[in-house]
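In: one predicted model, sequence on top.
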Amino acid sequence: MHEKLFQEMAQSIIDGEDELAAELAQKSIDLGIDPLEAINEGFVKGVNHVGDEFSCGNAFLPELVMAGEAMKAAIAVLEPELTRRGSKRDVLGRVVIATVEGDIHDIGKTLVGTMMSAAGFEVFDLGVDVSIGEIVQKAREVGADLIGVSALLTTTMVKQRDVVEAVDDIGLADKVKVMVGGAPVTRAWMEEIGADGYSEDAIGAIAVAKALLGKS
Ligand code: B1M
């Protein structure tokens, strides 16, 4: 139904046009389009295209950076609407979320954090490039029920294993669940490293978190 708008959204990311991406995001809100649909059917298609072109050597780091900036501009406009649409209810649990050390990809992690917050979790987003020590310390400090760790690089996803081990080492494994995610992460990887949960996207992350905390 909104195919043309979704295509323009994808193209704005491919062209690295952050102002246009923000305008199109606002237009989708004005039209009453579900912000998650705008992200998945529009903007993400563009950022995936740039990623694929980068893999093939047809696009370079500047294009990747500009696509990332445009994506962030669009999501910044959509974020309040995502939060507004999440019905307020009792806190479902406390979540510490971060992108692992050595990894600065924050778009997907932030989206997961926003969606979880909108769904009723209290979310402590530590940002990107966060050390294992900082993650477990924060989890202990706030009495977290769940730690969410995002990794976008095959070289940094190994840090997710370190988080699982650190939680175990300090005796928190009975109290705190660990959920992993990010583009290279799979269910098989979750099982291999002994994490408690995995989701391939933000909506799924809410369902997994609820199930892990017995709130579904
Ligand atoms: Co980078 N990058 N990047 N990058 N980048 C990828 C990941 C890559 C696949 C591109 C490619 O080659 N095709 C590739 C990784 C290859 C690999 O490891 N095998 C890559 C590379 C190589 C790099 C650099 C090394 C490039 C360089 O410097 N030579 C460098 C690394 C820097 C570092 O981290 N140390 C780098 C840098 C960057 C930018 C800074 C330019 C920019 C990031 C901007 C930012 O985040 N602020 C960037 C971008 C934009 C990408 C791509 C194109 C898009 C990522 C994105 O935002 N996707 C990406 C290619 C791709 O994924 N198609 C790529 C949209 C986002 C909504 O999806 O993050 O997957 P995603 O999140 C999803 C799910 O994964 C899931 O839910 C989210 C919402 O649905 N999810 C979770 C995520 N976290 C979760 C946590 C959960 C549950 C679900 O529970 C806790």
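Out: The structure has been received and is ready for your questions.

In: part of a helix, is Ile29?
Out: Yes - membership of Ile29 in a helix is supported by DSSP: H, G, I helix; E, B strand; the rest coil.

In: which ones are touching it?
Out: The contact partners of Ile29, taken as Cβ atoms under 8 Å, 6 or more residues apart in numbering, are Pro35, Val77, Leu78, Glu81. Quick note: C-beta positions are derived from backbone N, CA and C, even for glycine.

In: identify the residues contacting the third one.
Out: Residues in contact with Leu78 (Cβ under 8 Å, 6+ apart) are Ala25, Ser28, Ile29, Pro35, Ala38, Ile39.

In: so which two of those are the farthest from each other?
Out: The two members of those with the most space between them (Cβ to Cβ) are Ile29 and Ile39, at 11.9 Å.

In: pretty sure Val149 contacts Val163?
Out: Yes - using Cβ atoms under 8 Å, Val149 is in contact with Val163, at 5.1 Å.

In: the two: which is more packed in?
Out: It is Val149, of Val149 and Val163, that has more neighbours when counted by other Cβ atoms under 10 Å, with 30 against 25.

In: ok, which stretches of this protein are helices?
Out: Applying DSSP state H to the chain gives helices spanning 3-14, 18-30, 35-37, 44-56, 61-85, 107-119, 132-142, 158-169, 187-193, 202-212.

In: list the contacts of Ser12.
Out: Here Ser12 is in contact with Leu20, Ala21, Leu24, Phe43, Gly46, Ala70, Ala74 (Cβ under 8 Å, 6+ apart).

In: before we move on, the earlier item: just the helices of the chain: most buried one?
Out: With neighbours taken as mean count of other Cβ atoms under 10 Å, those reach their highest mean count in helix 107-119, at a mean of 23.

In: shared neighbours of Val149 and Val163, anything?
Out: Common neighbours of Val149 and Val163 (Cβ under 8 Å, 6+ apart) are Val100, Ile135, Val178.

In: tabulate the residues you listed (JSON lines), appending pLDDT and distance to Ile206.
Out: As requested, the shared contacts of Val149 and Val163 are arranged in JSON lines below (pLDDT from 0 to 100; distance: Cβ to Cβ, whole Å):
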{"residue": "Val100", "pLDDT": "98", "distance to Ile206": "21"}
{"residue": "Ile135", "pLDDT": "97", "distance to Ile206": "20"}
{"residue": "Val178", "pLDDT": "98", "distance to Ile206": "16"}
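
In: can you tell me which of the residues you listed is closest to Met66?
Out: Closest to Met66, out of all of the shared contacts of Val149 and Val163 and judged by Cβ to Cβ, is Val100, at 24.4 Å.

In: tell me what the closest one is bridged to.
Out: When bridges are taken as DSSP bridges, the partners of Val100 come out as Val130.

In: wait, isn't Ile203 in contact with Pro35?
Out: No - between Ile203 and Pro35 there is no contact under Cβ under 8 Å: 11.8 Å.

In: what's the angle from the lowest-mean-pLDDT helix or strand in the chain to helix 202-212?
Out: Every helix and strand of the chain was ranked by mean pLDDT, DSSP states H and E. The lowest is helix 107-119, at a mean of 87. In terms of direction (axes from the mean of the first three to the mean of the last three Cα atoms, to 10 degrees), helix 107-119 departs from helix 202-212 by 60 degrees.
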